[in-house]
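> Got a predicted structure plus its sequence, pasted below:
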Amino acid sequence: MKAVQWYEQNAATVIPAYESLRAEDVHRWLLGLLPDRPSLVLDIGAGSGRDAAWLAAQGHTVVAVEPAAAMRHEGQRLHPDANIRWLDDRLPSLQHVQRLGIAFDCILLSAVWMHIPLAERTRAFRKVIALLKPGGLLAITLRHGAADDDRELYPVSWEAIERLARDHGATVVRKVVDRDRLNRDEVSWTQMALTLPDDGTGALPLLRHVILHGSKSSTYKLALLRVLCRIADSTAGTAQYQDDASISVPLGLVALYWLRLFKPLLEADLPQSPTNRGIQGLGFVGPGFRALSGVSHLDLRIGVRFTGATAQALHQALKEAVKTITTMPVSYMTDSSGSQILSATRTARLPTPTELLLEPAYLASFGQLLIPQHIWLALVRFEAWIEPALLAEWLRLMKSYASGQGRTLPEADIALAMTWSDPSRDVTTARQRALTLLGSQDLFCVWSGKRLTERSLDIDHCFPWSAWACDDLWNLLPSDRTVNQRQKRDRLPSAARLQSAQNRVQGWWQAAYLQALNPLLPVRFTQEACASLPGLLSMADAPSLDDCFTAILLQQVRLKHDQQVPEWRD
């Protein structure tokens, strides 16, 4: 984009002009509309960071998006605030922001819209509005008047914004015409505030239709939705944005979670269709599934290795599940008009391995499941509300199937079998690595910097287990026992705390995992980080420790704002 190049070349003169104005004066028109509590704000076209710093000073967490590197780097230098996360991204794609899977309370689009070509504005508006929470605020400022330089500017109008808002279910709540704060006679501004009463995508009504009203001859549609809820909650890092309209997740991962869901249900003899008893009468129960009778469903997760006959059986079971998923619920899950919602691309031939590791590349070798982007974002943001609704409908279906078979299902068996069991809390590997390091070098608490001993050593979940059950190696950190149990407890480290601990965290990762004599630990560390943290799997090269830490900062934003996990600040 020509405008980005112009800002790159003219940053030295543009930044002092921007910084000469106070953000509270420029955006006085937003008085009474901005969130009155600490919220999550997206500043698109953040420039020198003036507005982002103003918002951060009010207690908001700001994701500052700026495509011009010279502007972005100077903004980071001028405003080194822990509540600002900088991203290199741009409209109309906003690929990096979308991969975060985060919804924002407020989005600021100040002095940006005139740089978007007319042909790309509908797409750009759709991208922005999809990132806004229901009830959130979108603030757009429109620049009128020609430029006295060679920037690429396009005409803007408040009428066009009103039309876009109306088409996407948004409402204009304030419109203000203002003079130019840099006293340019030829320039004026229209400032517009929009709100979104619902998510504006139709995803939630569509999901409600599938769960409650769509025809069902089995529980397969509900199972597929629950699988996608689980992926959105625990392994969202495996999702890849394909285009403006869809994302993909590995078909092998869908099949893996499918097997993990159904295994305890079938072992408890809970019917999944009118004729199903035990493992009889279900399309995905073939030789592979039957041969897994001795494998716990808890072992069907990323990072686990299988060998010999068990590896061959699991590979076959995944192929069987993929075939059933793609020919049944994917094909027959439709909206109210009868249009198919999901689609899939399958790999034709896969050699049977004698050893397999459940990692993203292997799971992607089965193909990809394509999900409409607005559906995926709804699953990421509202999984905690969607999953209980589909579980209630699943329970109703099983009871109706059992009644038709002349049976009554024990409530205790249902509850146990339908519980998604995360791996038991296990810090053994991290503790062993810490004790090994203590025998040869000093080891320090990542939070306080205190030197650790065997007596004072605790292994802390960086993101608390109570909020996010994750035993990935990157999430397990050495801590002083007093600090962990009396100060941090089950709270989420604030951005400032994380940043102050960055060198110690990365030093621990390097020494404990990446330099370990066991060659499997570096592989496990990287695979787990790519699967569970945002943005890493899409990188062309293996992520660096800096990349992993940046992803942690972004995941902290998701847990803080989507799950409202209390922060550890003091």
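Thanks, I have the structure now. Computed from a predicted structure; not experimentally measured.

> which ones are touching the nearest residue to residue 466 once chain neighbours are set aside?
Spatial nearest neighbour of residue 466, excluding adjacent residues (CB to CB, 6 or more residues apart in numbering): residue 490 at 4.7 Å. Backbone N, C-alpha and C define where each C-beta goes, glycine included. With contact set as CB atoms under 8 Å, 6 or more residues apart in numbering, residue 490 has these partners: 464, 465, 466, 467, 566.

> go again using 10 Å as the cut-off
By CB atoms under 10 Å, 6 or more residues apart in numbering, residue 490 lies in contact with 461, 464, 465, 466, 467, 565, 566, 568.

> Considering those, which possesses the most neighbours?
If you count neighbours using other CB atoms under 10 Å, the busiest of the contacts of residue 490 is residue 461, which has 23 neighbours.

> For it, give me phi and psi.
Note on residue 461: its backbone torsions stand at phi -80, psi 120 [degrees, to the nearest 10].

> I figured it was touching residue 467, is that so?
Yes. Shown here, residue 461 and residue 467 form a contact pair, counting by CB atoms under 10 Å, at 9.1 Å.

> What is the helix or strand that residue 121 is a member of packed up against?
Using DSSP states H and E, residue 121 maps to helix 121-130. Applying 3 or more CB pairs under 10 Å, 6 or more residues apart in numbering; DSSP states H and E, one finds that helix 121-130 contacts strand 40-44, helix 95-99, strand 104-110, strand 132-144, helix 158-167, strand 188-195, helix 373-404.

> List the buried residues of that helix.
Residues of helix 121-130 classed as buried: 121, 124, 125, 126, 127, 128, 129, 130 (neighbour count, 16 or more other CB atoms under 10 Å).

> For the stretch 301-450 of the chain, give me the ranges with low pLDDT.
Along the stretch 301-450 of the chain, the parts satisfying pLDDT under 70 run over 422-424.

> ranges for the helices of it?
In the stretch 301-450 of the chain, the segments counted as helices under DSSP state H, counting those that start in this stretch are 308-327, 329-332, 360-364, 373-404, 411-418, 428-438.

> Which of those sits closest to residue 10?
Among the helices of the stretch 301-450 of the chain, helix 373-404 comes nearest to residue 10, with 35.0 Å by CB to CB.

> show me where pLDDT drops low in the stretch 1-150 of the chain?
By pLDDT under 70, the weakly predicted segments of the stretch 1-150 of the chain are 1, 147-149.

> looking at the helices of the stretch 301-450 of the chain, which is closest to residue 276?
Closest to residue 276 of the helices of the stretch 301-450 of the chain, according to CB to CB: helix 373-404, at 7.1 Å.

> contacting residues for the spatially closest residue to residue 281 that is not a sequence neighbour?
Among residues not flanking residue 281 along the chain, residue 275 sits closest, at 4.8 Å (CB to CB, 6+ apart). Residues near residue 275 by CB under 10 Å, 6+ apart: 218, 281, 282, 401, 404, 405.

> same check, this time on residue 497
Residue 497 makes contact with 82, 446, 447, 488, 491, 556, 567, 568, 569, 570, according to CB under 10 Å, 6+ apart.

> Could you list the buried residues of stretch 164-178?
164, 165, 168, 170, 172, 174.

> Export those residues to a markdown table and append columns for pLDDT and distance to residue 136.
Listed next are the buried residues of stretch 164-178 as a markdown table, based on pLDDT from 0 to 100; distance: CB to CB, whole Å:
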| residue | pLDDT | distance to residue 136 |
| --- | --- | --- |
| 164 | 86 | 16 |
| 165 | 85 | 13 |
| 168 | 75 | 13 |
| 170 | 81 | 10 |
| 172 | 89 | 14 |
| 174 | 91 | 14 |
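
> closest to residue 347 among those residues?
Residue 347 has its nearest neighbour among the buried residues of stretch 164-178 in residue 168, at 36.8 Å by CB to CB.

> thought residue 332 was touching residue 216?
Yes. Contact criterion CB under 10 Å: residue 332 and residue 216 qualify, at 9.1 Å.

> Spatially nearest residue to the residue nearest the centre of the chain, not counting backbone neighbours?
Residue closest to the mean C-alpha point of the chain, counted by CA atoms, centre = their mean, is residue 101 at 3.7 Å. Among residues not flanking residue 101 along the chain, residue 380 sits closest, at 3.9 Å (CB to CB, 6+ apart).

> now do residue 288
Nearest residue to residue 288, sequence neighbours excluded (CB to CB, 6+ apart): residue 316, at 2.9 Å.

> OK, contacts around the one you found?
Taking CB under 10 Å, 6+ apart as the test, what residue 316 contacts is 286, 287, 288, 289, 290, 291, 292, 350, 352.

> out of the contacts of residue 490, which one sits closest to residue 540?
Checking those against residue 540 by CB to CB gives residue 461 as the nearest, at 30.3 Å.

> give me the number of residues near the residue nearest to the closest one when sequence neighbours are not counted?
Spatial nearest neighbour of residue 461, excluding adjacent residues (CB to CB, 6+ apart): residue 475 at 5.6 Å. If you count neighbours by other CB under 10 Å, residue 475 ends up with 22.

> What separation do you get for residue 475 and residue 569?
Plainly put, residue 475 is 20 Å away from residue 569 if you go by CB to CB, to the nearest Å.

> what stretches of the stretch 151-300 of the chain score poorly on pLDDT?
Regions of the stretch 151-300 of the chain meeting the criterion pLDDT under 70 cover residues 198-200.

> and what of the stretch 451-570 of the chain?
562-563, 570.

> need the strands for it, in chain order.
Under the criterion DSSP state E, counting those that start in this stretch, strands of the stretch 451-570 of the chain are mapped to 457-461, 476-480, 492-493, 567-568.

> which helices and strands does the first one pack with?
Of the remaining helices and strands, those touching strand 457-461 by 3+ CB pairs under 10 Å, 6+ apart are helix 428-438, strand 476-480, helix 481-482.

> how near is the nearest residue to residue 457 once chain neighbours are set aside to residue 137?
Nearest residue to residue 457 in three dimensions, chain neighbours excluded: residue 434, at 5.8 Å (CB to CB, 6+ apart). Using CB to CB, residue 434 is found at 46 Å from residue 137.

> likewise residue 9?
According to CB to CB, residue 9 and residue 137 sit 33 Å apart.

> Same drill for the two, tell me which one is more crowded.
The neighbour comparison of residue 9 against residue 137 (other CB under 10 Å) goes to residue 137, with 23 against 13.

> so the more buried one touches residue 36, yeah?
No. Residue 137 is beyond contact range of residue 36, at 11.4 Å (criterion: CB under 10 Å).

> buried sites along stretch 458-474?
Within stretch 458-474, the residues that qualify as buried are 458-464, 467-474, counting by 16+ other CB under 10 Å.

> For that stretch, C-alpha coordinates in CSV please.
What follows is stretch 458-474, C-alpha atoms only, in CSV (Å, rounded to 0.1, in the frame of the first residue of the first chain):
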residue,chain,number,x,y,z
ASP,A,458,7.5,-25.0,43.2
ILE,A,459,6.4,-25.6,39.6
ASP,A,460,3.9,-23.0,38.8
HIS,A,461,1.3,-22.9,36.0
CYS,A,462,1.9,-19.5,34.4
PHE,A,463,-1.7,-19.4,33.4
PRO,A,464,-3.6,-20.9,36.3
TRP,A,465,-4.9,-24.4,36.0
SER,A,466,-8.2,-23.4,37.5
ALA,A,467,-8.8,-21.1,34.5
TRP,A,468,-7.1,-23.1,31.7
ALA,A,469,-6.2,-26.7,32.3
CYS,A,470,-2.9,-26.7,30.4
ASP,A,471,0.2,-28.8,31.3
ASP,A,472,2.2,-27.8,28.3
LEU,A,473,5.9,-27.4,29.0
TRP,A,474,5.9,-23.7,28.2
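
> from the chain's centre, how far out does it sit?
With CA atoms, centre = their mean, to the nearest Å as the basis, stretch 458-474 stands 17 Å off its chain's centre.
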